[in-house]
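J.: what follows is a predicted protein model with its sequence.
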Amino acid sequence: VFDRNPASSKYNSPVVDFTIALASSTYIQIESTTEDISSRAYSTADITQASLTFTFYDVENVLAIDPRLGPSHGGTMLKVSGDYFMNTPELKCKIGLATVEGTYVDANNVLCETPTAEDALGSTEMLAMQYDPDFKFTTVGVSIGNNGVDFDVVNASQFQYYDHPVLTSMVPSAGPELGGTRVVIQTASDSVPFMQSHSSKIANLKCKFGEFAVPASYISPTSISCVSPALPSGLAMSLSGNGRVL
């Protein structure tokens, strides 16, 4: 029976009962109905009926993701914001072609971790086809499925994978523990993401000294600079393009 009473639904959505008619040991007939199933007659002998509940819900609406870019090796924790997210056991995020677990925060926010770019594109061949050599990134869609099956991929938000920079040198390589040293870092190729063509994202670029991240400044496609914090000596240097994953 189609139930229009929101209070009767766990997710405040309309529900419909399924009739399961077991007519033989070889098949199960399942049919949905908005009629009163108690009065429906079946001609097949020895039919056993049981009622299951199917819940209809509003289509998930992804409005934004943060951050909007991350390294191709994956591991970026995305905050997906939108409407009509539900706390179901089947909640999933779809990133490109990959389906990953979603962590429910509230009806407007879900967390999910990006897979590798190769997994998101399905193969190394597809990764090569989708790669933009001018801007050094690969773009995929991000959508949410409350039931882990249905995703609104047409209106998905866009996430961009970038090649993680390979650091080759830094000058100087040492400085006082009080910090304040301007360090220039060189990369192996023009792999510093989005610089000249994505100036709005430059604020996300950071250097990491040990566990301490500091803002970085763009110099060229192969170099950036940052100022060392006050830290003990001997800590490793790394570079992040989205301010998070290194």
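T.: That came through fine. Residues are numbered from 1 along each chain as shown.
J.: now stretch 210-230: buried residues?
T.: Across stretch 210-230, burial judged by 16 or more other CB atoms under 10 Å covers 213, 216, 222-224, 226-229. C-beta coordinates here come from the backbone N, C-alpha and C atoms, glycine included.
J.: what average pLDDT does it get?
T.: The pLDDT scores in stretch 210-230 average 85.
J.: what is the end-to-end distance of that stretch?
T.: From its first residue to its last, stretch 210-230 covers 11 Å (CA to CA, to the nearest Å).
J.: residues touching the closest residue in space to Thr116 that isn't next to it in sequence, list them.
T.: Spatial nearest neighbour of Thr116, chain neighbours left out: Gly74 (4.2 Å); criterion: CB to CB, 6 or more residues apart in numbering. By CB atoms under 8 Å, 6 or more residues apart in numbering, the residues touching Gly74 are 113-117, 119-120.
J.: Thr181: which of the buried residues of stretch 210-230 is nearest?
T.: Ser228 (4.4 Å; CB to CB).
J.: ok, the residue nearest to Gly180 when sequence neighbours are not counted to Ala174 distance?
T.: Closest residue in space to Gly180, ignoring its immediate chain neighbours: Val227 at 6.2 Å, by CB to CB, 6+ apart. Val227 sits 14 Å away from Ala174, going by CB to CB, to the nearest Å.
J.: for Gly70, same thing?
T.: Remark: distance between Gly70 and Ala174 (CB to CB) = 31 Å.
J.: ok, Asn61 next?
T.: 51 Å.
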